[in-house]
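Asks: Need the 3D shape of this:
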Amino acid sequence: MTDMLTIDGRIAQMRPVAPEDADELRALYETASPESVHLRFFAQGGLLIDREIARLCRTPEPGFHALTATFADRIVGVASCERTRDPRHAEFAVFVADDWQGHGIATLLLEQLTADARRDGITELTGTVLPGNSRMTKVAAGLAPHAPIDHDHETLTVHLPTEPSADALAAMEARRRKAEEAGA
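Replies: You can find the predicted model right below:
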């Protein structure tokens, strides 16, 4: 378990997803607003959530990483990446509890996922998001300021290199300083 400093100076914990997290992950998704669930899954429905929980709680393997963010023993966010057919690429997904959105949880989880993926030889994470998901596109722009976002008719594909650029490192340092100041 690793401590992480949120943008408002609170200390949350980050750790790998474990099989025993299934019930708490279900609560994370089921207590979220319909809009948040739609932005993550592009639809509503318990079957999608059941599949996602099974995917997240499976046995770890190279090229697959799933992390939770917890605060006061409650899962407040989850993120994962999974290698695609191209061994240099992985697809990522992030979900943060409604009351924790805007606190930097998604950013912190994705920073760790990119580092984990880089150790597996993955050079880029991609995520498919709906055009209305401005929070996710803002997170992506903060992590990789010059990384492309591809547009098609109904979705955006966000590209995150796993090797941080000088701009990305500077943005990471600025976020860290702001969080430390908020926590002082």
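
Asks: quick one: buried residues of stretch 111-126?
Replies: 111-114, 116-118, 120, 122, 124-126 (16 or more other C-beta atoms under 10 Å). Just so you know, the C-beta spots here come from the backbone N, C-alpha and C atoms, and that holds for glycine as well.

Asks: Of those residues, which belong to helices?
Replies: 111-114, 116-118 (DSSP state H).

Asks: For A54, state which of those residues is nearest.
Replies: L113 (19.4 Å; C-beta to C-beta).

Asks: Give me the nearest residue to the closest one, chain neighbours excluded.
Replies: Nearest residue to L113, sequence neighbours excluded (C-beta to C-beta, 6 or more residues apart in numbering): C81, at 4.9 Å.

Asks: which residues does that neighbour contact?
Replies: By C-beta atoms under 8 Å, 6 or more residues apart in numbering, the residues touching C81 are 64-65, 90-93, 113, 116-117, 122, 125.

Asks: Against P16, how distant is S80?
Replies: Distance, S80 to P16, using C-beta to C-beta, to the nearest Å: 10 Å.

Asks: got any residues that touch both of those two?
Replies: By C-beta under 8 Å, 6+ apart, S80 and P16 have these common neighbours: 65-67.

Asks: Closest one to R10 out of those, please.
Replies: Proximity of those to R10 (C-beta to C-beta) peaks at L67, which lies at 17.5 Å.

Asks: The closest one in helix, strand or coil?
Replies: strand (DSSP: H, G, I helix; E, B strand; the rest coil).

Asks: Tell me which of S80 and P16 has more neighbours.
Replies: S80 (21 against 13; other C-beta atoms under 10 Å).
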